[in-house]
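K.L.:
below is the sequence, then the predicted model.
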Amino acid sequence: MDPNWPYLRGYEAFKRVGSDVFLTVSPGKNHLFVADAEVTFQITSQRNRFKKPIEIYKNVDLYGKNVVSTEGTIWRQHRKLTSPSFSETNNELVRVLWPHEEEKEAPSDALASTRPSAGHTMSYRDSISFLMEHVIWVPLLPDWFRPISPWNVHRKTHEAYTEFGKYMAELYEAKKSEISAGKTESDGLDLLGALVKGAGISQQPASTNNADPEKNNPSKGQLLSNSEIIGNAFVFLIAGHETTANALHFSLLHLALNPSFQAPLQKELDDIFGDRPISAWNYEQDFPKLFGGMAGAVINETLRMLPAVISIPKSTQKGEPQALNFDGRQIVVPESCAIGLCGAGVGNNPKYWPSGPDHGSRMPADDLDQFKPARWLVDSSKVASTTNADNDEPDTEEFGGPQGPHSAASLYHPPRGAFIPFSEGPRSCLGRKFAQAELFAALAVIFRFYSVELATDEWEADEAVNAMKKGGPDRRQVWEKAANRATDLLKHGMGSMITLQMRAGRVPLRLVKRGEERFVFG
């Protein structure tokens, strides 16, 4: 079975089986696959009955144990100590650093530089980018083999792994010194600063050597070891670098494929920000409007179609079969059963989502495989869907989970368990609101001043396109070639490497100033 089938097949696999929950049986392992909102909600809200199989999280355990790769009481401590990093105060720190600002605003910031820092062979950007692209080789190959491997990709992966670890250790030591010296304000700490402060400060130098248990033990008064702090920082960066960047990438790609949705987004941004410069934009004032409008609809629709994790893993324990309510009856999940909560499956389940023509759309009624932000801009009271809204809210506050719904009150609210890009329940994504703030900030900055288009250089030179009649058949033909290729890659060129990525090719995009769009068709 193709491991990417939960995305590639979406809800179609469940439709063919004739059930939104099905079990596959094999001598090695039983697997339960779920595209039912109520069952998903039951599983995610009962973490002690349906635990995370931490043995599969070696890819995120490279520098130390962390909030993603632990369970039970250890996870509980990680969760409580990491959650302050994602406070509302820290959400306000989100900003966009454009390339021309690098020397102007951060001349001494090694993390923003494109050049290696002193004592390094790779820049911070290059090390994390290459590591994320080839991270699978770190847990698969022993430390001694990677640097001497005959394959360059293995050697460079080892270099990126080592260099990134050094950057993180240096950043940790610098942040620890700042806090010890009282140079950092108590409010508005960056993510690592909040983590270091919450975990307690040790004078022991940071280490990323997981093989030495003494270096992994917390110093007296320190609630997390140095390697655990580095490990959690690495997970934060995966969330920030991988999931958020991919969500922005896919949002831009879908908007380029559906340019008619850009105009209402831009109008909304004009209404929100008026003539205010970017420096005057305000999180507390502006974020709720972005969250509850077209920007929120664009992001939610992207995440409905392309969840970062295509199958959220859960499991039952040995000797502990578990009962679930499904479709009006009780079913029993066998002991030691792997469970996959299929985000793209439940995200395309017609039981939970509005579809059909809306706002003059010519889309067909069965359009859940199409990008349509307008489906979120509806009156939920007029949408017939099953809902479990009466279920008790899982106790996420106890564990420092993000409070509040995934969608604003003004947007469509699917039943709990139907929209799971950030998972649900106590083990839901800590950085959900921080990620949303990043995404909305990026969309706002881009579309306040620009539109996004498919680059068509592969088929026609810019001069030739500019010579074609605006809105004419020749321009449309060129655009459709690029659109067909992009659509094919979105359907067949995707794969999961920690997160869902486009792995079979690239779709070049172009930002153009508003009013200078080349592919506008009536």
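P.N.:
Done, it's in. Residues are numbered from 1 along each chain as shown.

K.L.:
which helix of the chain spans the most residues?
P.N.:
helix 152-180 (DSSP state H).

K.L.:
by contact count, what packs against the following helix or strand past that one?
P.N.:
The first helix or strand that comes after helix 152-180 along the chain, using DSSP states H and E, is helix 191-199. Secondary structure elements in contact with helix 191-199, counted by 3 or more C-beta pairs under 8 Å, 6 or more residues apart in numbering; DSSP states H and E, are helix 72-82, helix 152-180, helix 226-237. (Each C-beta comes from the backbone N, C-alpha and C, glycine too.)

K.L.:
ok, now with 10 Å
P.N.:
Judged by 3 or more C-beta pairs under 10 Å, 6 or more residues apart in numbering; DSSP states H and E, helix 191-199 is in contact with helix 72-82, helix 88-91, helix 152-180, helix 226-237.

K.L.:
can I get those in TSV with distance to Phe22, mean pLDDT and mean neighbour count?
P.N.:
Shown next, in TSV, are those (distance: least, C-beta to C-beta, whole Å; pLDDT from 0 to 100; neighbours: other C-beta atoms under 10 Å):
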stretch	distance to Phe22	mean pLDDT	mean neighbour count
helix 72-82	29	89	18
helix 88-91	39	67	17
helix 152-180	37	92	19
helix 226-237	32	88	25
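
K.L.:
what about the closest residue to Ala435 other than its chain neighbours, neighbour count?
P.N.:
With C-beta to C-beta, 6 or more residues apart in numbering as the criterion, Ala435 has its nearest non-adjacent residue at 4.9 Å, and that residue is Thr244. For Thr244, the count of nearby residues is 21 (other C-beta atoms under 10 Å).

K.L.:
gap between the helix or strand that Thr244 is a member of and the chain center?
P.N.:
Of the helices and strands defined by DSSP H and E, Thr244 is found in helix 244-257. Computed by C-alpha atoms, centre = their mean, to the nearest Å, the separation of helix 244-257 from the middle of its chain amounts to 12 Å.

K.L.:
remind me what that helix packs against, helices and strands.
P.N.:
Based on contacts counted as 3+ C-beta pairs under 10 Å, 6+ apart, the elements that helix 244-257 packs against are helix 262-273, helix 294-305, helix 432-449, strand 450-454, helix 473-492, strand 499-502, strand 509-513.

K.L.:
how close does the residue nearest to Ala435 get to Leu443?
P.N.:
To Leu443, Thr244 is 12 Å away according to C-beta to C-beta, to the nearest Å.

K.L.:
deepest in the core, which of the helices and strands packed on helix 244-257 is it.
P.N.:
Highest mean neighbour count among those (mean count of other C-beta atoms under 10 Å): helix 294-305, with a mean of 25.

K.L.:
angle of that helix against helix 473-492?
P.N.:
If you take axes from the mean of the first three to the mean of the last three C-alpha atoms, to 10 degrees, helix 294-305 sits at 50 degrees to helix 473-492.

K.L.:
I'd like the mean pLDDT over the next helix-or-strand element following helix 294-305, please.
P.N.:
Once the chain leaves helix 294-305, the next helix or strand it forms, by DSSP H and E, is strand 311-315. pLDDT averaged over strand 311-315 equals 96, rounded to a whole number.

K.L.:
in strand 311-315, what counts as buried?
P.N.:
Ser311, Ile312, Lys314, Ser315 (16 or more other C-beta atoms under 10 Å).

K.L.:
can I get the helix holding Thr244 as CSV, trimmed to CA atoms?
P.N.:
What follows is helix 244-257, C-alpha atoms only, in CSV (Å, rounded to 0.1, in the frame of the first residue of the first chain):
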residue,chain,number,x,y,z
THR,A,244,3.9,26.9,7.8
ALA,A,245,6.1,27.4,4.8
ASN,A,246,4.3,24.6,3.0
ALA,A,247,0.9,25.9,3.9
LEU,A,248,1.9,29.3,2.5
HIS,A,249,3.4,27.8,-0.6
PHE,A,250,0.2,25.8,-1.3
SER,A,251,-2.0,28.8,-0.6
LEU,A,252,-0.1,30.9,-3.1
LEU,A,253,-0.2,28.1,-5.7
HIS,A,254,-3.9,27.6,-5.4
LEU,A,255,-4.5,31.4,-5.6
ALA,A,256,-2.4,31.5,-8.7
LEU,A,257,-4.5,28.6,-10.2
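
K.L.:
tell me the contacts of Ala455?
P.N.:
With contacts taken as C-beta atoms under 10 Å, 6 or more residues apart in numbering, Ala455 has the following neighbours: Ala256, Asp462, Ala482, Val507, Pro508, Leu509, Arg510.

K.L.:
coming back round to it: so which of the helices and strands packed on helix 191-199 is nearest Pro307?
P.N.:
Pro307 sits nearest to helix 226-237 of all these, at 17.9 Å, using C-beta to C-beta.

K.L.:
show me what that closest one is packed up against.
P.N.:
With contacts taken as 3+ C-beta pairs under 10 Å, 6+ apart, helix 226-237 sits against helix 72-82, helix 124-134, helix 152-180, helix 191-199, helix 213-216.

K.L.:
thinking again about what came up before, which two among the contacts of Ala455 are spaced furthest apart?
P.N.:
Within those, Asp462 and Val507 form the most distant pair, 17.5 Å apart (C-beta to C-beta).

K.L.:
higher neighbour count, these two?
P.N.:
Set side by side, Asp462 and Val507 show more neighbours around Val507, with 21 against 12, by other C-beta under 10 Å.

K.L.:
measure that one to Leu252 for me?
P.N.:
10 Å.

K.L.:
try Gly328
P.N.:
Between Gly328 and Leu252 the computed distance is 43 Å (C-beta to C-beta).

K.L.:
neighbour count winner among these two?
P.N.:
For Gly328 versus Leu252, neighbours defined as other C-beta under 10 Å are more numerous around Leu252 (20 against 5).

K.L.:
which ones are touching the more buried one?
P.N.:
Contacts here follow C-beta under 10 Å, 6+ apart; on that basis Leu252 touches Val298, Thr302, Ala442, Leu443, Ile446, Phe447, Val452, Val507, Leu509, Leu511.

K.L.:
what about the residue nearest to the third one when sequence neighbours are not counted, how many residues nearby?
P.N.:
If you skip the residues right next to it in sequence, Ala442 has Leu248 as its closest partner in space, 5.4 Å away by C-beta to C-beta, 6+ apart. One way to gauge burial is a neighbour count; for Leu248, by other C-beta under 10 Å, it gives 18.

K.L.:
pretty sure Leu248 sits against Ile299.
P.N.:
Yes - contact criterion C-beta atoms under 10 Å: Leu248 and Ile299 qualify, at 8.8 Å.
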